[in-house]
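Sequence isn't available, so here's the structure alone:
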């Protein structure tokens, strides 16, 4: 079946394991799904934080963005490599670490994350489209971006991959054209490189924001690699996802830093429009469509996670395409309400939101990766994921839940945010090292506790791996 035939076919599967004879695609599809989906306005805004919120000069902003993306993408890509082996969504696989009911803690947080990113993208898409017609409300733009996203989420996996593949080329060309236009046609301010001054908290904040951007994709990535043939392999899936997401994020983030310093507008979207005057309609329309691609991914993954939550409570339920459609509509309604209510204070709300994500996602990614790569080596009993009692993984893995809570608590003294600053962060002058501490503390703690748990001591881990081996 051709890519076009796959794209226009309604996906029937939702959270069920993907049979080997239904697998299709190649590693380059993982590159384009992450490269194309990141070329959007929200990525540009995130890069702009380096020079607006964190007040770095351009050179140091670029250094921070490079370091954060390259480090954070390691964790994202390690999760992506799980999809071809197990063939299930990431949140289903999380039952292997937390147990069937224990995983609901993480699944619930991830659903909130998807709704938050949905709302953020809708705000930016609406603002971009409204900026092309002065006096026009941003509500029509929000609705348009939402409808395009909803169509792809309903059709499912293959149409989303096609969206991203097309945007890889279209948005990529427009991105390069935008850089050239700002630098050579509009021109940069004479003191562009001298604006702002280096500060350590700003550098570490930029690194953290960029790393979190990548780590926040960890709950997504297996959802888009689970259809890959098993022979795709861990190495190919890792590198295709790594470079797709790193380059797709870094380039628009550098554009955001450029716009943030070169424009005197309070909004980065308005600044982008001003700096590309004459080209702005093309730039804003293309990057708004990019928002729709990313939002389709948020809606799709949010629907899968919500179905995972529901199927945990009703194990006999095997949701299909109609259930995914209904849930997508409900999540879209929630995100639309959030976008309309929060659009006037978007930048402040978004900064707080991504910092909060940083603190709660880091312990989960540490536990998941330690369990998958160091303890079970990719061998899981897929059937147990769908059993009422959690199968060999049980209803609650106390070691995982305890380490998850520990991973959040251990970060508290190192947090530096507008809502709360811990004592160690205050001593360090507002430097936020919480995510590094969270990873460094949670990983060995979970490894030590899990190795001493009953399921590892009695040998069931070896028996667990036949389908995922």
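The structure has been received and is ready for your questions. Note that the coordinates shown come from a computational prediction; the quantities given were computed from them, not determined experimentally.

which secondary element of this protein has the worst mean pLDDT?
Within the chain, confidence by mean pLDDT, DSSP states H and E is lowest for helix 460-463 among all helices and strands, at a mean of 45.

Would you map the helices across the stretch 101-250 of the chain?
Using DSSP state H, counting those that start in this stretch, the helices of the stretch 101-250 of the chain run over 104-131, 139-155, 157-180, 200-215, 221-225, 234-262.

quick one, which of these is nearest to residue 63?
When the helices of the stretch 101-250 of the chain are compared for distance to residue 63 using Cβ to Cβ, the nearest one is helix 200-215, at 7.3 Å. (Each C-beta comes from the backbone N, C-alpha and C, glycine too.)

the inter-axis angle of that closest one versus helix 234-262?
For helix 200-215 against helix 234-262, the angle by axes from the mean of the first three to the mean of the last three Cα atoms, to 10 degrees is 140 degrees.

Flag every buried residue along helix 200-215.
201-215 (16 or more other Cβ atoms under 10 Å).

of those, closest to residue 258?
Nearest member of the buried residues of helix 200-215 to residue 258, counting by Cβ to Cβ, is residue 206, at 14.2 Å.

returning to that earlier point: kindly reformat the helices of the stretch 101-250 of the chain as CSV containing distance to residue 426 and mean pLDDT.
Shown next, in CSV, are these (distance: least, Cβ to Cβ, whole Å; pLDDT from 0 to 100):
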stretch, distance to residue 426, mean pLDDT
helix 104-131, 27, 83
helix 139-155, 39, 84
helix 157-180, 39, 94
helix 200-215, 11, 89
helix 221-225, 35, 93
helix 234-262, 27, 96
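
would TSV of those helices with distance to residue 359 be doable?
What follows is these, written out as TSV (distance: least, Cβ to Cβ, whole Å):
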stretch	distance to residue 359
helix 104-131	11
helix 139-155	27
helix 157-180	29
helix 200-215	9
helix 221-225	20
helix 234-262	20
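
looking at those helices, which is buried most?
Among the helices of the stretch 101-250 of the chain, helix 221-225 has the highest mean neighbour count (mean count of other Cβ atoms under 10 Å), at a mean of 27.

and that helix, what other elements does it pack with?
helix 27-38, helix 58-80, helix 83-86, helix 90-93, helix 157-180, helix 234-262, helix 280-313 (3 or more Cβ pairs under 8 Å, 6 or more residues apart in numbering; DSSP states H and E).

make it 7 Å
Packing partners of helix 221-225 (3 or more Cβ pairs under 7 Å, 6 or more residues apart in numbering; DSSP states H and E): helix 58-80, helix 83-86, helix 90-93.

Show me what it is in contact with.
Helix 221-225 is contacted by residues 30, 33, 76, 79-80, 82-84, 89-90, 93, 237, 241, 301, 304 when judged by Cβ atoms under 7 Å, 6 or more residues apart in numbering.

quick revisit: closest one of the buried residues of helix 200-215 to residue 257?
residue 206 (8.9 Å).

Can you give me every residue that contacts the closest one?
Residue 206 neighbours (Cβ under 7 Å, 6+ apart): 50, 54, 56, 61, 64, 65, 68.

Out of the residues you listed, which one has the weakest pLDDT?
Within those, pLDDT reaches its minimum at residue 54, with 91.

List the residues that contact the residue nearest to that residue when sequence neighbours are not counted.
Among residues not flanking residue 54 along the chain, residue 202 sits closest, at 3.8 Å (Cβ to Cβ, 6 or more residues apart in numbering). Contacts for residue 202 (Cβ under 7 Å, 6+ apart) come out as 54, 55, 56.

if we can go back for a sec, from the contacts of residue 206, which single one is nearest residue 365?
For the contacts of residue 206, the nearest to residue 365 is residue 68 (15.0 Å; Cβ to Cβ).

My understanding was that the closest one contacts residue 216; is that so?
No - counting by Cβ atoms under 7 Å, residue 68 stays clear of residue 216, with 12.0 Å between them.

These two: which is more packed in?
residue 68 (28 against 21; other Cβ atoms under 10 Å).

Apart from its chain neighbours, what residue comes closest to that one?
residue 210 (2.6 Å).

No further queries at this time; thank you.
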